[in-house]
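Requesting a structural model of the entry that follows:
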Amino acid sequence: MPEPRYEIRIRGRMSPAMAATFEGMTTTVEPVETVLHGPLPDQAALHGAIDLVRALGLELVEVRKVSAAPDVTPEA
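Numbering: from 1, shown residues only. Just a heads-up that it's a prediction; the model follows:
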């Protein structure tokens, strides 16, 4: 079973160094938010990421579970 993937939205822009603390997640910068994307294997990892947001003094906007489907396109 593939790991669930999450999207974590943070208000404002994070520096590359700060974004690097979220290991295994990619970062997208939108006009007023930074969006972290990536797999988190379990609830403990999700809560760890949320705790890291708080520890860095960032404002959490939204956490959303997105498709847990593998990145493989089924053959027709």
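
Which stretches in the protein count as strands?
5-11, 26-29, 33-39, 60-66 (DSSP state E).

Quick check: which of those strands is nearest to residue 47?
strand 60-66 (10.2 Å; C-beta to C-beta). Quick note: C-beta positions are derived from backbone N, CA and C, even for glycine.

what is the orientation angle of the closest one with strand 5-11?
170 degrees (axes from the mean of the first three to the mean of the last three C-alpha atoms, to 10 degrees).

Pairing partners for strand 60-66, with directions?
strand 5-11 (antiparallel) (DSSP bridges).

how about low-confidence regions in this structure?
1, 68-76 (pLDDT under 70).

Looking at it, which helix is longest?
helix 43-55 (DSSP state H).

What residues of that helix count as buried?
Using 16 or more other C-beta atoms under 10 Å as the test for burial, helix 43-55 gives 46, 49, 53.

ok, those vs residue 31, which is closest?
Nearest member of those to residue 31, counting by C-beta to C-beta, is residue 53, at 19.5 Å.

Could you measure from that closest one over to residue 2?
According to C-beta to C-beta, to the nearest Å, residue 53 and residue 2 sit 24 Å apart.

Thanks a lot, catch you later.
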